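**Student:** Got a predicted structure plus its sequence, pasted below:
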Amino acid sequence: MHVDIGAALGTVADPGVDEDALDALDERVAAAHETIADGREADEFGYAALNLPDRTDPEMIREAVEPVADAEYVVTVGIGGSALGAKTVTAALADDPDRHVVLDNVDPEHVERTLAGLPLEDTAISVVSKSGTTAETLANFLVVREAYESRGVDWTERTVATTGESGPLRELADEEDLPTLPLPDGVPGRFAALSTVGLVPAAIVDLDIEGLLAGAGDVADDLGPSLYDTPAYAYGAVAYALEERGASVNAVMPYAERLEYFAEWFAQLWAESLGKDGRGQTPARALGATDQHSQLQLYRAGPRDKMVTVVRPRERADVPVPDPGNESLSYLAGADLGELLDAEYDATVASLSAAGRPAVELELDRLDARNLGELLYAMEAACVLVGELADVETFTQPAVEWGKRAARGLLAGEDTEETRTVADRPSYRID
Ligand SMILES: O=P(O)(O)OC[C@H]1O[C@](O)(CO)[C@@H](O)[C@@H]1O
């Protein structure tokens, strides 16, 4: 993975980072890297995520999914870190990304329609929950099981569970003696894509999970004390410095449909890790070139509160544009869609610079398992670095618990501080 910070420098962007400031920041990067390296060495909670390329055993995952490896489809029942990493990998790498369906919400109509559209006898179930207690995941799993039963399909033979040593999901898995994969120790869900949590569907549809881990391992081996030699840290340090200078929004804009889920995955990683103590960039998902025609006006001419992270694979499929046979379209003659998309990418970065808006470029040689592994790992390392520089608790997410307690309390009809607050919440209806 290559990082280009040229369009974020203070000489061309506002907010921007001057090279003097980068030099000064590099000293703090060295100190942060030491903390990160020590945390990895000790396999400390959170930092352990950066050891996954060495820790994750692809053979163990392949053995566990062997009973369902002939499935045409796989449905992941999980949410947040227990779904986004898995979907990012299959969306980026699978010949047919639609073979992997994710139920990561409890919208009844959507769940019903999704299950109705699947040949369940030919669909494996990957149910994933780190806590084993997440209401949406457990409710969906109960609904999915019933859908299989009502169609006379044995779900126990088609299910692989990934969860902890205790909790309702573990109990359900043990009751039915389901093949159950362990969680990596000390790894928060959003940092677990390169583990059992993210790789079961990829193994079921037979993707190169070994290559993915190898690519991530290369980046892990190259983490060093300077942003000038470590692309992952260069990205993190510049994002941090831009946030310090007012870029409170980070618009992530991959120029590849196959990376659309990457932007979703990044959004959880960045928001849930760094949104603390009144700070943290708001990740905005965008897609290139599509959102040039919806969001770019704002990115170029709206408030100077954003940075744009553009991502592209250098190699693309070859789809020639037929001869337009029309003078006004002569610029398309001999072009192919990949060239047009790359021209759009280059033009967008230049247009942001021309308007003095900061952008950082992430480039992959091509979109294959190794390069995707590099990208995912680099973003995780960048996130951990920002957490160190911003001095926030990167690996926890305490603010999400209140809502969970409230929702459970409402369903259980409990009278708690949360359910009372829900009942008394402000309302000013305009009908
Ligand atoms: O894997 P679990 O425990 O079901 O949690 C799912 C997701 O929910 C969260 O806990 C947030 O509510 C995320 O951190 C996590 O990735």
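**Tutor:** Looks like it arrived, so ask away.
**Student:** Please count neighbours and contacts with C-alpha atoms only from this point.
**Tutor:** Fine.
**Student:** which one is the residue nearest the centre of the chain nearest to, not counting chain neighbours?
**Tutor:** The chain has Trp265 as the residue nearest its centroid, 1.5 Å off, counting by CA atoms, centre = their mean. Distance criterion CA to CA, 6 or more residues apart in numbering; nearest residue to Trp265, sequence neighbours excluded, is Leu84 at 5.2 Å.
**Student:** Would you mind naming the helix or strand containing the residue in the stretch 201-350 of the chain that the ligand sits nearest to?
**Tutor:** Per CA to the nearest ligand atom, Glu272 is where the stretch 201-350 of the chain lies closest to the ligand, at 7.0 Å. Using DSSP states H and E, the element containing Glu272 is helix 260-274.
**Student:** Please list the residues outside the helix or strand just after that helix that contact it.
**Tutor:** Using DSSP H and E, the next helix or strand after helix 260-274 towards the C-terminus is strand 282-285. Strand 282-285 is contacted from outside by 248-253, 263-264, 266-267, 270-271, 275, using CA atoms under 8 Å, 6 or more residues apart in numbering.
**Student:** Which residues belonging to whatever helix or strand comes next after strand 282-285 are considered buried?
**Tutor:** As assigned by DSSP H and E, the chain's next helix or strand after strand 282-285 is helix 296-301. Within helix 296-301, the residues scored as buried using 16 or more other CA atoms under 10 Å are Leu296, Tyr299, Arg300.
**Student:** what is the rounded mean pLDDT of helix 296-301?
**Tutor:** If you average the pLDDT over helix 296-301, you get 98.
**Student:** Which segments of this protein make up each domain?
**Tutor:** 2-37+213-390, 50-208, 398-422 (automatic domain parsing).
**Student:** closest one to Asp43 among those domains?
**Tutor:** domain 50-208 (7.5 Å; CA to CA).
**Student:** ok, the residue nearest to the centre of the chain to Arg285 distance?
**Tutor:** Separation of Trp265 from Arg285 (CA to CA, to the nearest Å): 10 Å.
**Student:** wait, isn't His100 in contact with Thr88?
**Tutor:** No: proximity of His100 to Thr88 does not meet the contact threshold set by CA atoms under 8 Å, at 10.3 Å.
**Student:** What are the neighbouring residues in contact with the closest residue to the ligand within the stretch 151-300 of the chain?
**Tutor:** Residue nearest to the ligand within the stretch 151-300 of the chain: Gly189 (4.3 Å; CA to the nearest ligand atom). Shown in contact with Gly189 (CA under 8 Å, 6+ apart): Gly80, Gly81, Ser82, Lys130, Val197.
**Student:** Please list which of these also come close to the ligand.
**Tutor:** Gly80, Gly81, Ser82, Lys130 (CA under 6 Å from any ligand atom).
**Student:** Tell me which entries of those residues lie within strands.
**Tutor:** Assigned to strands by DSSP state E, none of the ones next to the ligand among the contacts of Gly189 qualify.
**Student:** Closest to Thr180 out of those?
**Tutor:** Nearest to Thr180 among the ones next to the ligand among the contacts of Gly189, with distances taken as CA to CA, is Lys130, at 12.1 Å.
**Student:** ok, so what distance separates the residue in the stretch 251-400 of the chain positioned nearest to the ligand from Gly413?
**Tutor:** Scanning the stretch 251-400 of the chain for proximity to the ligand using CA to the nearest ligand atom identifies Val400 as nearest, at 5.3 Å. Val400 sits 20 Å away from Gly413, going by CA to CA.
**Student:** Dump the buried residues of helix 296-301 to CSV, plus distance to the ligand.
**Tutor:** Below are the buried residues of helix 296-301 laid out as CSV (distance: CA to the nearest ligand atom, whole Å):
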residue, distance to the ligand
Leu296, 30
Tyr299, 29
Arg300, 33
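**Student:** all strands for the chain, in order.
**Tutor:** So, for the chain - with DSSP E - the strands run 2-4, 73-77, 100-103, 123-129, 159-163, 180-181, 249-254, 282-285, 306-313, 359-364.
**Student:** Would you mind naming what in the stretch 301-431 of the chain lies close to the ligand?
**Tutor:** Residues of the stretch 301-431 of the chain lying near the ligand (CA under 6 Å from any ligand atom): Val400.
**Student:** Where does pLDDT dip in the stretch 301-431 of the chain?
**Tutor:** Across the stretch 301-431 of the chain, not a single residue meets the criterion (pLDDT under 70).
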